[in-house]
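>>> what's the 3D shape of this:
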Amino acid sequence: MSKKAILISGNLAQDHEFIYPFYRLLEDGFDVEVCLNEGTKVKGILGTDIPPNKDHPVKKIEDVKTEDYDLLIIPGGVKAMEKVRQNKKIIDFITKFDSENKTIGCICSGAQLLISAKVVKGRNISGYYSMMDDIINAGANYVDEPSVIDKNIVTTAHYKDLGIWMKSVLEVYYKK
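Next up is the predicted model:
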């Protein structure tokens, strides 16, 4: 069985939140692709190349389709998410991915994209602490736990919980 994942982000993403799931998915045998708002390699907020290796070229949102992927990871980084959430094609991709009941892992400020995609209403969602009001105002129940699972969406607030969160993302994926 071919397992295919996509990470969607942009310039100034939070380095840890991109790199850890990127390599964790590769370790688990996923074919991992990267889609960045800019359509080209960028830098994380701490200066890391995103993506971190040349074997994973960057795709533009116009070149990806939800049916080609089983798992979506949305890393955080508030400076990145403020721009990425303005890309209607990325938001539409997330909305469609959720409607197909595929696994979505989202961390920290990535919850801004879930809010813009209108997939949080009535769900238990975590996100960076300063976004609690935004998550609640979007109709979700804000939960501050290391890993929050609601159907196909797995969220967490902070990169200190990357290990627990990714373990849950993979558990949800394999249960499908």
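>>> Could you point out which residue ranges in the chain have low pLDDT?
1 (pLDDT under 70).
>>> Recalculate using a threshold of 90.
Within the chain, the stretches with pLDDT under 90 are 1-2, 52-57, 176.
>>> which residues in it form strands?
Listed in chain order, the strands found in the chain under DSSP state E are 4-9, 31-36, 42-43, 49-50, 58-59, 71-74, 103-107, 124-125, 141-142, 148-150, 153-156.
>>> Just put these in a markdown table and tack on mean neighbour count and distance to K65.
To be clear about C-beta, it is placed using only N, CA and C from the backbone, and glycine gets the same treatment. Formatted as a markdown table, these follow (neighbours: other Cβ atoms under 10 Å; distance: least, Cβ to Cβ, whole Å):
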| stretch | mean neighbour count | distance to K65 |
| --- | --- | --- |
| strand 4-9 | 23 | 10 |
| strand 31-36 | 21 | 11 |
| strand 42-43 | 17 | 22 |
| strand 49-50 | 20 | 22 |
| strand 58-59 | 16 | 11 |
| strand 71-74 | 27 | 12 |
| strand 103-107 | 27 | 16 |
| strand 124-125 | 22 | 26 |
| strand 141-142 | 18 | 31 |
| strand 148-150 | 20 | 25 |
| strand 153-156 | 28 | 20 |
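>>> now these in TSV, with distance to I164?
Listed next are the strands of the chain as TSV, based on distance: least, Cβ to Cβ, whole Å:
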stretch	distance to I164
strand 4-9	19
strand 31-36	20
strand 42-43	27
strand 49-50	23
strand 58-59	29
strand 71-74	15
strand 103-107	11
strand 124-125	16
strand 141-142	18
strand 148-150	11
strand 153-156	7
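>>> So for the chain, which residue is the most central one in space?
Among the residues of the chain, the one closest to the centroid is I74, at 1.1 Å (Cα atoms, centre = their mean).
>>> that older thread, could you point out which of the strands of the chain sits nearest K175?
Closest to K175 of these, according to Cβ to Cβ: strand 103-107, at 9.0 Å.
>>> Could you check the angle that closest one makes with strand 4-9?
30 degrees (axes from the mean of the first three to the mean of the last three Cα atoms, to 10 degrees).
>>> Give me the helices and strands touching strand 103-107, please.
With contacts defined as 3 or more Cβ pairs under 8 Å, 6 or more residues apart in numbering; DSSP states H and E, the packing partners of strand 103-107 are helix 15-27, strand 71-74, helix 88-99, helix 111-116, strand 153-156, helix 162-175.
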